[in-house]
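Undergrad: turn this into a structure:
(chains A and B)
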There are 2 protein chains.
Amino acid sequence: MGKSLNMPLGSTIMLEDTHISLAHGNGGRYMRDLIEAVFVKHLNQNTSGVCLDTESDAVLLKDICGPIYTTVDGFAVHPLEFPGGDIGSLAVHGTINDLSVAGAIPKYLTLSAILEEGLEISVLDRVVQSFAAAARDAGVSVVAGDTKVVPRGNGGGIYFSVSGIGTVDDGLHLSMKHVLPGDVILVSGTVGDHGTAVMLAREAFGLQGDLPSDSASVLPLARCLSGIAGVHFLRDPTRGGLATVAQEISMATGLTIRLEEQYIPVSDQVSSVCEILGYDPLYLACEGRCVAIVQADIAEQVLSLWQATAEGKNSAIIGTVESGKQEVLLETAMGGVRRLEELEDDPLPRIC
Amino acid sequence: MGKSLNMPLGSTIMLEDTHISLAHGNGGRYMRDLIEAVFVKHLNQNTSGVCLDTESDAVLLKDICGPIYTTVDGFAVHPLEFPGGDIGSLAVHGTINDLSVAGAIPKYLTLSAILEEGLEISVLDRVVQSFAAAARDAGVSVVAGDTKVVPRGNGGGIYFSVSGIGTVDDGLHLSMKHVLPGDVILVSGTVGDHGTAVMLAREAFGLQGDLPSDSASVLPLARCLSGIAGVHFLRDPTRGGLATVAQEISMATGLTIRLEEQYIPVSDQVSSVCEILGYDPLYLACEGRCVAIVQADIAEQVLSLWQATAEGKNSAIIGTVESGKQEVLLETAMGGVRRLEELEDDPLPRIC
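TA: Okay, the predicted model is just below:
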């Protein structure tokens, strides 16, 4: 039922329609035209030089010759476009970031699009173009895709699900199991930007603003640590934010995670919005940040390497891993210590 | 942002809730509990013996050692459960069928679930269990997953997107390019069953019935042809049905596809429904059938092999590939010849 995206380059199909209809999902001419005029036009970039195949429902990746990493991620962001990104670039970043922090080199993506009847095709065109640009920037190829159309009132305009395949970076040996008491915790930039940006783009709570999302690839942040002994674990904080990453590490290791509030980078705009709404930026989503857990004696080296990158110029050392019970502690800027709890039900609208 | 499904076997988490809420998608405790109590419970089968990894956002597939096939497919069937299957088994079959007809041996699946607020968790539990059973039957492992929750009124209950990874079956060399004039066309069973079954399950047009969908794996049908010279091309007819597969082959090769109506298997129930509604069963979806294009001198051999399988007992030789212009012709049971056109906009409700 999948539809290979690998159709001839340079399609010149012009769509007669301005909005998605159910016929764009029926397997016939309308669907074929939509796929050629939007998906193939932007995505058939052949970045990887893989021999494209126009005729089958599954794509042969000839250059794979050893173990691979795979991941999958769904994207249901609303609004579809927001300052700093859109569902297209976000979907690429989210997927390649999952591969990157596992120690993989992202190579291939597949894209499943669930479109709602009535969607403006111009919006779809823009976000698919943005998807393609983000993939090209990260050096990954989109090799397969599928399009479904759901009736009006049964979708959010566009839902994307993206799977990723990556090869193994032999210079990175990352595992939660490598995390030890005494390790140091770094974050590659300000936290909570994506969550706040999407809230503002929705004009939720009567607030407006043009704070950009941090949506970006963290691949350069992972790759620049390749070959350095003592890099134990990487993760990109997304839903649930930095605090949720800290919780996950604490739960998996049974160790104490101690964060120092004064060193955690938070932008002035995010601080202001959080102050107004009573949110904690540590629980708000990022989409282009990386957390590293490293041996104490290389923490300054990692900090320097990250600060020398465009993505990591606001990197900071923000905490430590300690023996003791399984908990996440925040040393507040006021000098107190607060226990950060696992995120439960919360008043936050869905933002990723 | 992906969430590995690889959590400890034998989870005993009990959910407090009976329906999906937005909190089940927020990255915190509710989401973790849902993933453990539904997805991990059913899907963590370790069919393949791959070393499971509970801690990273991407999964290492250590046993891959050469080229792979990949595919992706989205599933938005309504209703979620229907005679002969549900969105869970359908999603597995659709994905492994795409791999199978390409000449791949399916190995791994990833699952992205987009759930609608208000969905009954018991329904989710049943379809994920069904997904797991279909994967187990096909010998594939579910290695990664992701869950998003969208607000009530923005989804169809459950949307699944499934990507598949398969290894290469060296005994199958399939390509639309291998299709030649003189080749013979086979189909592995009755056509239009899935499309009709879903229509009836919706009680569309006031009709009711319990005709089962043909949803099934076509992997055994592909594998039993491995090593036989002269098997040129396989495809599973889904959206748009047998007629759409014929169109695709004709368009890709520039050849005439001639089908003989009297030999195309159609069940009595599908015939009756189509007669009442004025539909052509050749355009209705199948989800467990395979079309083969083979050299004429092995057609009877392929027919015998298929008829000896449980999946292919109603297989038939239904047509030929001919030189001449690019078109699909149907020799009708009445002795005439009708040109089958490409599916355009149509009155059919979305059914796959």
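Undergrad: ends of stretch A:165-177, how far apart?
TA: Terminal residues of stretch A:165-177 lie 23 Å apart, using Cα to Cα, to the nearest Å.
Undergrad: what's it in contact with?
TA: Under the contact criterion Cβ atoms under 8 Å, 6 or more residues apart in numbering or on different chains, stretch A:165-177 has outside partners A:61, A:64, A:66-70, A:96, A:99, A:101-109, A:222-223, A:225-228, A:231-234, A:249, A:252-253, B:54-56, B:58, B:60, B:68, B:70, B:165. The way it works is simple: take the backbone N, C-alpha and C, and place the C-beta from them, glycine included.
Undergrad: can you tell me how far the most centrally placed residue in chain A is from chain B?
TA: Centroid check for chain A by Cα atoms, centre = their mean gives A:Gly94 as the closest residue, at 1.9 Å. From A:Gly94 across to chain B, the span is 4 Å (Cβ to the nearest Cβ, to the nearest Å).
Undergrad: and that residue, which helix or strand is it part of?
TA: Assigned by DSSP states H and E, A:Gly94 belongs to helix A:87-102.
Undergrad: what is that helix packed up against?
TA: strand A:68-75, strand A:104-116, helix A:121-138, strand A:158-168, helix A:219-223, strand A:231-235 (3 or more Cβ pairs under 8 Å, 6 or more residues apart in numbering or on different chains; DSSP states H and E).
Undergrad: report the mean per-residue pLDDT for it.
TA: The average pLDDT within helix A:87-102 is 97.
Undergrad: CA-only coordinates of it in CSV, if you can.
TA: Output in CSV follows, covering the C-alpha atoms of helix A:87-102 (Å, rounded to 0.1, in the frame of the first residue of the first chain):
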residue,chain,number,x,y,z
ILE,A,87,5.9,20.5,10.9
GLY,A,88,8.1,19.6,7.9
SER,A,89,11.5,20.8,9.4
LEU,A,90,10.4,19.7,12.8
ALA,A,91,9.7,16.2,11.6
VAL,A,92,13.2,15.9,10.0
HIS,A,93,14.9,17.3,13.1
GLY,A,94,13.0,15.2,15.5
THR,A,95,13.8,12.0,13.7
ILE,A,96,17.5,12.7,12.9
ASN,A,97,18.0,13.9,16.5
ASP,A,98,16.8,10.5,17.8
LEU,A,99,19.3,8.8,15.6
SER,A,100,22.1,11.3,16.4
VAL,A,101,21.9,11.0,20.2
ALA,A,102,21.9,7.2,19.9
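Undergrad: starting at the chain centroid, how far to it?
TA: Centroid separation for helix A:87-102 versus its chain: 4 Å, with Cα atoms, centre = their mean, to the nearest Å.
Undergrad: what angle separates that helix from strand A:231-235?
TA: Between the axes of helix A:87-102 and strand A:231-235, defined by axes from the mean of the first three to the mean of the last three Cα atoms, to 10 degrees, the angle is 160 degrees.
Undergrad: tell me where the stretch 201-350 of chain A has helices.
TA: Taking DSSP state H, counting those that start in this stretch as the test, the helices found in the stretch 201-350 of chain A are A:219-223, A:241-253, A:268-277, A:299-307.
Undergrad: going by mean pLDDT, which of those comes out lowest?
TA: Here the lowest mean pLDDT among the helices of the stretch 201-350 of chain A goes to helix A:268-277, at a mean of 92.
Undergrad: coming back round to it: could the helices of the stretch 201-350 of chain A go into TSV alongside mean neighbour count and distance to chain B?
TA: As requested, the helices of the stretch 201-350 of chain A are exported to TSV (neighbours: other Cβ atoms under 10 Å in any protein chain shown; distance: least, Cβ to the nearest Cβ, whole Å):
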stretch	mean neighbour count	distance to chain B
helix A:219-223	23	11
helix A:241-253	23	5
helix A:268-277	16	16
helix A:299-307	17	19
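Undergrad: can I get those helices in CSV with distance to B:Val273?
TA: Shown next, in CSV, are the helices of the stretch 201-350 of chain A (distance: least, Cβ to Cβ, whole Å):
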stretch, distance to B:Val273
helix A:219-223, 52
helix A:241-253, 51
helix A:268-277, 55
helix A:299-307, 63
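Undergrad: A:Leu242 contacts A:Leu282, correct?
TA: Yes. Here A:Leu242 lies in contact with A:Leu282, judged by Cβ atoms under 8 Å, at a distance of 4.9 Å.
Undergrad: next, count neighbours for A:Val143.
TA: Residues lying near A:Val143 (other Cβ atoms under 10 Å in any protein chain shown) number 29.
Undergrad: so for it, what's the pLDDT?
TA: In this prediction, A:Val143 carries a pLDDT score of 93.
Undergrad: verify the stated contact: it with A:Leu60.
TA: No. A:Val143 lies out of contact with A:Leu60 (Cβ under 8 Å); the separation is 9.2 Å.
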